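In: Next come a sequence and a model predicted from it.
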Amino acid sequence: MVKKIVLTFSLLIGFLITTAYPQLKNDAANLKLKNVLGNLKNHRFGPNYYYQVKDLKVIKASLQQFIQAEGTPKVAMSDEILKKVDKKVAEYIENGVKADDAPMAIKENLYRDLSQSIPDDDFDALYAYFKSKLAGKGKEIKTAYLITTPNEKGDESIVALIIAFKSIDIEEDIGFPAKSNIFTYMDLKEIDITDEANQGRKLYDLLNDYILQQNVNDVTLRARGIGQKQWLLPFDYGVTSSLIVDEGNITSNDVQNFIRISETMPLDFFQKENEIILSGDQISWRRYKRQLSEDGSEPAPIEDKKVKVATKAQPGPADKSKTATTQKTALVAETPTEPTELETDPTKASNYNLPDYGIELKYGIDEINFPSLWSERLTLSAIWQSVKLGVILPSDGSIYSSSANVFGQKRQFTNAGTGIAGSFDFPIKVAPKSGIFHMDFAYVNGNANPASYRNKLERQDTSNTDPYLDYLIRANAQIHYTFATKIDDNYWLRYSVGATLYNIESWSYENSLNYEDGDKESNYKQKETETVGGISGKIELMVRDITTPWGASVQYFDGTLSTYIWLRIPITRNSVSFQIDGKGYFPVFDDLSRPWKNTSAFIPMGRLIVNF
């Protein structure tokens, strides 16, 4: 009998081991793979391929059961914690929690962006508090990435699917994903598709179909941190589409995208409201508004709750040796949130829409191909969304007034009194998915000032004729109809066609006889005036979403071309960058019959861009 029991027990143990061991082994392998994929640095330089899924509908429905927020109770933040932690730090941690960043990633970004750190205990308390505020709210998948192994035959095996609840860039999306955001190939083979059209299939099979059907974008080299594949591999023609999403409703974001191409704004910045540009021919400041969450709703205040508080009753007269424990209900008021403060969306760039306001001091009359310092035009403008309106200053800028050459370019122009200048971008639909008009105008009052870079004594010598002519741009205007396209979200182009004109005057010293004393005198007078106009066109390119964005533009007017090329170098992510650029000018169909034109001009410049 004992032998039978022992034999039966041994068989039972053997059966349990043979059935449970493979599952335990799979769980261990699954956990190990998730640990490796939990840090992008562990696998970014491997042979794997990375794809961003285009259609998320089925993925969202199938994974919804795995991403429901936990229903943990809300807690109140103590006054002691608030006193310890800077308000900006607390706000930064809250935004990180809303974006579903991992705690380690929030700590690293906090030190990187704000140069601050806090004790682990305080951080954990704040993280738990903000996490609890979001409890019970469903999260939405914003993007998903497939990681596959390469195969010589062109077939690929899926390693994992990583989801993200924001969509900034691949390094932020999957740099430190939570384990709950990683679904290995073992997980995917077990998840049923809830979509009616694909019932009975596993999610792994559908994702394989997505790769074969090219319902994905290849982001392999971006994941490896070396830019787009077009830099290193043969050009791969992508999908071209308009920058205007809805032709029936041109939004502030659409207009901003057009302006970003023209004013070289390739980088998005988040949770910051100000942008400053400092250079030798431009100083500007723009104020943006942080983007609100999609519903734009106010955070709900934490209501008063009735909680049960354990209290110890006094011993009763009947039995003083025992202590009875009872419970009574008390009203505990938790700390409410500000009911008037709207929630911002940390996944949306602050420069997603047009700036609220700003100010700009800038050289140049780029509209008529007289760029930068060579133009002798200095304008101070106020910025309001897509409008610039300002004053032309009666100065050429004292720091450049002493030399007759700027970067080797012969100076020909001068300035006069104050004037008015403006620039507008406004939507008017003429052709489908286009409809952004761009207009510039300027007018200068008063008599011209003798050019400060010429020898005044030589020019006023009454025994000789003034050897120089100074040229003043009295007025100029341009109107262009523009449309813009993008190729694979990385290459943005803006095309402009229209008309441009300007009025120019020549001034010099003229000798005359003073009839009162019979002496000669020299007076600065206008000689001639001429109006130049004609058809003009412009093409602008901006390449973004790469390590060092770059761009170029070319404009034709009056037989001449003006060119502009630039390269943006990020220094501190989301905060500081430096731009190297150059503006050029040269005639193509012009015989230089107009004496104020140079044979060519090139003005290099460096710009520091700071966001805070």
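Out: Nice, I can see it.

In: What are the boundaries of the helices in this protein?
Out: Applying DSSP state H to the chain gives helices spanning 2-37, 57-63, 79-84, 87-98, 103-114, 120-133, 170-174, 185-188, 203-212, 220-223, 252-262, 456-459.

In: Please convert the ones you listed to a markdown table, extending it with mean pLDDT.
Out: Output for those, formatted as a markdown table (pLDDT from 0 to 100):
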| stretch | mean pLDDT |
| --- | --- |
| helix 2-37 | 58 |
| helix 57-63 | 84 |
| helix 79-84 | 59 |
| helix 87-98 | 80 |
| helix 103-114 | 77 |
| helix 120-133 | 74 |
| helix 170-174 | 72 |
| helix 185-188 | 89 |
| helix 203-212 | 88 |
| helix 220-223 | 77 |
| helix 252-262 | 92 |
| helix 456-459 | 75 |
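
In: what's the closest non-adjacent residue to the residue most central in space within the chain?
Out: Taking CA atoms, centre = their mean, the centroid of the chain lies closest to D268, which sits 1.0 Å from it. Counting by CB to CB, 6 or more residues apart in numbering, D268 lies nearest to A349, which is 3.5 Å off, once chain neighbours are set aside. (Each C-beta comes from the backbone N, C-alpha and C, glycine too.)

In: pLDDT value on that neighbour, please?
Out: Looking at A349, its pLDDT is 81.

In: So the residue nearest to the centre of the chain sits against N353, correct?
Out: No - because the distance of 11.8 Å does not satisfy CB atoms under 8 Å, D268 is recorded as not touching N353.

In: so where's the stretch 451-600 of the chain uncertain?
Out: The model of the stretch 451-600 of the chain has pLDDT under 70 over residues 462-463, 515-518, 590-592.

In: got the residue ranges for the strands in it?
Out: For the stretch 451-600 of the chain, strands defined by DSSP state E, counting those that start in this stretch occupy the ranges 470-487, 491-513, 520-543, 550-557, 560-572, 576-587.

In: which residues touch I162?
Out: Shown in contact with I162 (CB atoms under 8 Å, 6 or more residues apart in numbering): 37, 144-145, 147, 173-174, 177, 181-183.

In: again, only this time at 10 Å
Out: Neighbouring residues of I162 by CB atoms under 10 Å, 6 or more residues apart in numbering: 34, 37-38, 40, 50, 143-147, 170, 173-174, 177-178, 181-184.

In: Mind listing the residues bridging to it?
Out: Y145, I182 (DSSP bridges).

In: Distance check, it against Q52.
Out: 10 Å (CB to CB, to the nearest Å).

In: ok, now T548?
Out: Look at T548 and Q52: by CB to CB, they are 21 Å apart.

In: neighbour count winner among these two?
Out: With other CB atoms under 10 Å as the criterion, T548 and Q52 differ in neighbour count, and Q52 comes out ahead with 17 against 13.

In: doesn't I147 make contact with that one?
Out: No - the pair Q52 / I147 is not scored as a contact, 11.0 Å apart, by CB atoms under 10 Å.

In: Give me the common contacts of those two.
Out: A223.

In: D100 versus D173, what's the distance?
Out: According to CB to CB, D173 stands 10 Å off from D100.

In: same question, N215
Out: According to CB to CB, N215 stands 24 Å off from D100.

In: repeat for S252
Out: Remark: distance between S252 and D100 (CB to CB) = 27 Å.

In: Next: S180.
Out: 10 Å.

In: which residues are common contacts for I162 and Q52?
Out: Counting by CB under 10 Å, 6+ apart, the common neighbours of I162 and Q52 are 143-146, 170, 173.

In: From those, pick the one nearest F424.
Out: T143 (35.7 Å; CB to CB).

In: Next, the contact list for that closest one, please.
Out: Applying CB under 10 Å, 6+ apart, we find T143 in contact with 52-54, 56, 59, 162-168, 170, 173-174, 347.

In: do the same with S395
Out: With contact taken as CB under 10 Å, 6+ apart, S395 is in contact with 376, 378, 401, 415, 418, 449, 452.

In: again, but for N249
Out: By CB under 10 Å, 6+ apart, the contact set of N249 is P427.

In: Could you check how far it is from R594?
Out: Separation of N249 from R594 (CB to CB): 45 Å.

In: P266: what's it in contact with?
Out: 260, 490, 492, 542-546, 548-551, 566, 568, 570, 577, 579 are the contacts of P266 under CB under 10 Å, 6+ apart.

In: what's the first-to-last distance across stretch 395-410?
Out: Stretch 395-410 has its terminal residues 18 Å apart, counting by CA to CA, to the nearest Å.

In: just stretch 547-566 next, same as before
Out: End-to-end distance for stretch 547-566, by CA to CA: 14 Å.

In: ok, what's across the strand from F370?
Out: F370 has these beta-bridge partners by DSSP bridges: I365.

In: Make sure it is actually in contact with E376.
Out: Yes - counting by CB under 10 Å, E376 is a contact partner of F370 at 8.6 Å.

In: More neighbours: which of those two?
Out: Taking neighbours as other CB under 10 Å, F370 and E376 compare with E376 leading, 29 against 25.

In: which non-adjacent residue is nearest the more buried one?
Out: Among residues not flanking E376 along the chain, F413 sits closest, at 4.0 Å (CB to CB, 6+ apart).

In: who's in contact with the one you found?
Out: Going by CB under 10 Å, 6+ apart, F413 touches 365, 370, 374-377, 396, 448, 451, 470-473, 504, 596.

In: swap the cut-off to 8 Å and go again
Out: For F413, the contacting residues are 370, 374-377, 451, 470-473, 596, by CB under 8 Å, 6+ apart.

In: Check K362 too.
Out: K362 makes contact with 281-284, 378-379, 381, according to CB under 8 Å, 6+ apart.

In: swap in D195?
Out: Going by CB under 8 Å, 6+ apart, D195 touches 57-58, 61-62.

In: could you redo the last one with a cut-off of 7 Å?
Out: Counting by CB atoms under 7 Å, 6 or more residues apart in numbering, D195 touches 58, 61.

In: Torsion angles phi and psi at it?
Out: Main-chain dihedrals, D195, degrees, to the nearest 10: phi -70, psi 130.

In: Next one: it from A61, what distance?
Out: Taking CB to CB, one finds D195 at 6 Å from A61.

In: And for K98?
Out: Remark: distance between K98 and A61 (CB to CB) = 23 Å.

In: cool, and A442?
Out: Taking CB to CB, one finds A442 at 56 Å from A61.

In: same thing with E376?
Out: Per CB to CB, E376 is found 63 Å from A61.

In: And for W596?
Out: 67 Å.

In: So between the two, which is more surrounded?
Out: The residue with more neighbours, out of W596 and A61, is W596; 16 against 13, by other CB under 10 Å.

In: got the contact list for the more buried one?
Out: Contacts for W596 (CB under 7 Å, 6+ apart) come out as 412, 471, 504.

In: quick one on the thing from earlier: what residues are shared contacts of D173 and D100?
Out: Listed as contacting both D173 and D100 by CB under 7 Å, 6+ apart are K166.

In: Contact partners for L110?
Out: With contact set as CB under 7 Å, 6+ apart, L110 has these partners: 89, 92, 116-117.

In: try 6 Å this time
Out: Counting by CB atoms under 6 Å, 6 or more residues apart in numbering, L110 touches Y92.

In: Alright, I will stop here.
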